[in-house]
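> below: sequence and its predicted model.
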Amino acid sequence: MKDDLTRRWFLKATAFAGASLGLGSSAITRFLSPATAFAADNPDLVAVTGTDPFATAMAAVERIGGMKRFVPAESKVAINANTSFKLPGSNVEPAVLLAILKMCQDAGASEVWLVKPGKAGYWERSPRSTEFAEVLEGTKKSEQDFKVVEIPEGVALKEAHVDRHVLECDVYLNVSVVKDHTGTRFTGALKNAMGACPHNPTNSFCHFGSEPPDRSKFYANVEHLSQCIADLNLIRRPDLCLIDATAYLATNGPAGPGELRRSNTVVAGIDPVAIDAYATRFVDLKPADVRMIAMAEQHGIGQANPKQLRIVEEA
Amino acid sequence: MNGHRMPEVDFLSVVQIQDSARRAKWTQRRQPSAEDGVHSAQMMRRAVIMSGVGAAVALVLAGCGDPGSPDGAITDLAPAAGEMTGWEPRGGAQIFEGEELFELINGGAEIYHEFGFERALSSDYSNGANGLVALEIFEMEDADAAYGVYAIKSGTTGEAIELGDEAVLEAYYLNLRKDRFVVTLTAMDTSEDTLRGLEAIAAEVSEKIPGGSRPPAVVSEMTMGDQMPERLFYVRGGLALVSAAPFAAGLGPMMAEGAAARFDDRTEVMLRYPDPAIAGQRFDLIIAELDGRADLDLVEKVDGESARLEGADGSALRLSLTGDSIWLVQEHGATGGGP
């Protein structure tokens, strides 16, 4: 990676409110785990651009403090990565996810679980998969065992079925691909929370607005879906979020095919609201265009104002 | 899931029943025009030609006493082994019925269901080397539903090609619609050989789908002016509405159907309701909802007729009520203001 990158660092915003950085309010502090309590000199959000997705992902995590900052030795890690789709630009690039798995294992994690089983043929799309076959062999796949969790502060979603590994792990990583979405217009870290839930009943409730699903309300209310996503993110805040913007759908998301855009960038951050707000630029949107961002901010999950964050961009 | 088969039904009868039901619900909607559906001026011309061709084919088939429909399985529409020179199906076809569509395109299935989804087929084709093409055939409730999905999936950057009722070839994928089917082919790489294979498979599938269709009548109504829109949409629910015209998000309740047209300087939306009384009720509610938005202010209103709202960015939004329909015109302001 170091060969791929020029070493220009930009401090985009220095309105750095000490260790608070959007984490100072009591509403947010409750989400903090030991893994996310970080040193004040680390940036809140890092965006690294490079030609090799594997190396770019490694560099992004390194710049935000290294995986050991988030993954203590002998910890159990659950990774919710968007691997559910088939067409180009609709999934996290396999090489990006491989890099994350490797970093977790190298950090000394006792168990690394993938919450999503992954679409058939997913790993075969990266030639790196052969190179890192041992990493894949050392990664466990969730049995898709979902636990019911109440969300007392949820506005639209009062309970959800969530993969047990997300609830039981020591460290939770949210790994999404940025892309267009037919309903919410944008998908990133916040929307990816649905990846830890089953289609029925949780996700169908988010989509349809009732349980059992009311066919007449199919996505009729994007507000409802956005609110459900914000509510869902109350359950467990990720310790680290990564957004893959190496190759992604700028139109016709989430499934594609659509305009395949290549920004060759991986974004890393500890705040799912902030990282989504930042990533809206990849699909030509502003944070205010995406309702779930404001709703999640309202919940105190994070904050969308980039001026309150220390952002590092490296190309 | 392999092995799901389409019921053995007479296609035209089904369409007629569905059309009758729709007509009963939304009376006097259909006003077919030869100047239907397009996504650009160039594509408009293409669509008019193809609509005519499609209609003519349908008429010829009907005249021959052929139901003009696949009364076999959707799997009959996918090229079988040995049918294509240089390209063979790989791994077998999968069929997805109803909510199983979420297994094929989890997170992307909703728009199909909103329009009325029946079943889909997914199959990969290989050239024996590294070339791989993914074929997806979506069988919709009716031809209007197929138009609606196709219009949202198709962008403005592709090249219109003569396949089906309409088809657009993009950098690495192709969308086509024919009758009540939407077909999407995606090249998993962009080599010339794979792209040629993609087009050949598309042509084969199109050939296998009988019939043809025109764009929905409400869409035709959007193209009656002198200026051709850049994009046209058919709408049956909130998801299509927000895709077609983001400013109209949440304005869809109680509508029977609708259409949207994007022009360079404005976006027009027409929402049609089951009857004028409902349209009248919704007219007032929509004005109130828009006025409640932080970025819009109501500056003019004539009860039961029209209203005008203005945005801080210089954009304007005009509404008018005509019988069972509400028209919204968003004039793009100096800062864009558009979708």
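Happy to help now that I have it. Computed from a predicted structure; not experimentally measured. Numbering: from 1, shown residues only, chains lettered A, B, ... in the order given.
> run a quick neighbour tally on residue 237.
Let's take chain A. By other CB atoms under 10 Å in any protein chain shown, the residues close to residue A:237 number 22. C-betas here are computed from N, CA, C, even on glycine.
> hm, I was asking about chain B
Taking other CB under 10 Å as the definition, residue B:237 ends up with a neighbour count of 24.
> test my guess that it contacts residue B:253.
No. Between residue B:237 and residue B:253 there is no contact under CB atoms under 8 Å: 9.7 Å.
> which non-adjacent residue is nearest whichever residue of the stretch 1-150 of chain B sits closest to chain A?
Among all residues of the stretch 1-150 of chain B, residue B:108 sits closest to chain A, at 3.0 Å; criterion: CB to the nearest CB. Leaving aside its sequence neighbours, residue B:108 sits nearest to residue A:255 (CB to CB, 6 or more residues apart in numbering or on different chains; 3.0 Å).
> do the same with residue B:273
Going by CB to CB, 6+ apart, residue B:273 has residue B:279 as its nearest residue, at 4.1 Å.
> over to residue A:251?
residue A:258 (3.9 Å).
> what about the one you found, which helix or strand?
Of the helices and strands defined by DSSP states H and E, none includes residue A:258.
> got phi/psi on it?
Main-chain dihedrals, residue A:258, degrees, to the nearest 10: phi -160, psi -170.
> isn't it up against residue A:248?
No. Between residue A:258 and residue A:248 there is no contact under CB under 8 Å: 9.5 Å.
> still on that earlier bit, how many neighbours does the residue of the stretch 1-150 of chain B closest to chain A have?
For residue B:108, the neighbour count with other CB under 10 Å is 23.
> looks to me like it is in a strand.
No. Residue B:108 is assigned coil when assessed by DSSP: H, G, I helix; E, B strand; the rest coil, not a strand.
> show me which of residue A:258 and residue A:248 is the more surrounded one.
residue A:248 (31 against 25).
> give me the distance between the more buried one and chain B.
Distance of residue A:248 to chain B, computed by CB to the nearest CB, to the nearest Å: 14 Å.
> quick one: contacts for that residue?
A:89, A:90, A:177, A:178, A:179, A:260, A:261, A:263, A:282, A:283 (CB atoms under 8 Å, 6 or more residues apart in numbering or on different chains).
> out of those, which is most surrounded?
In these, the most neighbours by other CB under 10 Å go to residue A:179, 34 neighbours.
> give me every residue that touches it.
Contacts of residue A:179 by CB under 8 Å, 6+ apart are A:89, A:90, A:186, A:187, A:248, A:249, A:250, A:253, A:254, A:283.
> what helix or strand is residue A:89 on?
Short version: residue A:89 belongs to no helix or strand, going by DSSP H and E.
> quick one: pLDDT of the residue nearest the centre of chain B?
In chain B, the residue lying closest to the centroid (CA atoms, centre = their mean) is residue B:148, at 2.0 Å. What the model reports for residue B:148 is a pLDDT of 97.
> and if you look at the one 5 residues further on?
Predicted confidence (pLDDT) at residue B:153: the value is 90.
> distance of it relative to chain A?
Per CB to the nearest CB, residue B:153 is found 6 Å from chain A.
> how many residues are close by that residue?
Neighbour count of residue B:153, defined by other CB under 10 Å: 25.
> wasn't residue A:282 part of a helix?
Yes. If the criterion is three-state DSSP, then residue A:282 is within a helix.
> show me the contacts for it.
A:178, A:245, A:248, A:250, A:261, A:263, A:265.
> check the gap between the third one and residue A:103 for me.
Distance check for residue A:248 against residue A:103: by CB to CB, to the nearest Å, it reads 22 Å.
> follow-up on the earlier one: next one: phi and psi at the residue nearest to residue B:273?
phi -60, psi -40.
> for it, give me the pLDDT.
On the pLDDT scale, residue B:279 is placed at 97.
> about what we covered before: mind listing what the residue nearest to residue A:251 touches?
Counting by CB under 8 Å, 6+ apart, residue A:258 has contacts A:89, A:180, A:249, A:250, A:251, A:252, B:153, B:155.
> where does the stretch 101-250 of chain B come near chain A, residue by residue?
Neighbours of chain A within the stretch 101-250 of chain B, by CB under 8 Å from any CB of the partner chain: B:102, B:105-111, B:113-114, B:134, B:152-153, B:155, B:157, B:170-173, B:184, B:186, B:188, B:237-239, B:242-243, B:246, B:249-250.
> what about the closest residue to residue A:107 other than its chain neighbours, which SS state?
Using CB to CB, 6+ apart and skipping residues adjacent in sequence, the residue nearest residue A:107 is residue A:71, 4.0 Å away. Recorded secondary structure, residue A:71: coil (three-state DSSP).
> next one: residue A:243
strand.
> quick one: the strands in the stretch 1-150 of chain B, in order.
B:88-97, B:117-126, B:132-140 (DSSP state E, counting those that start in this stretch).
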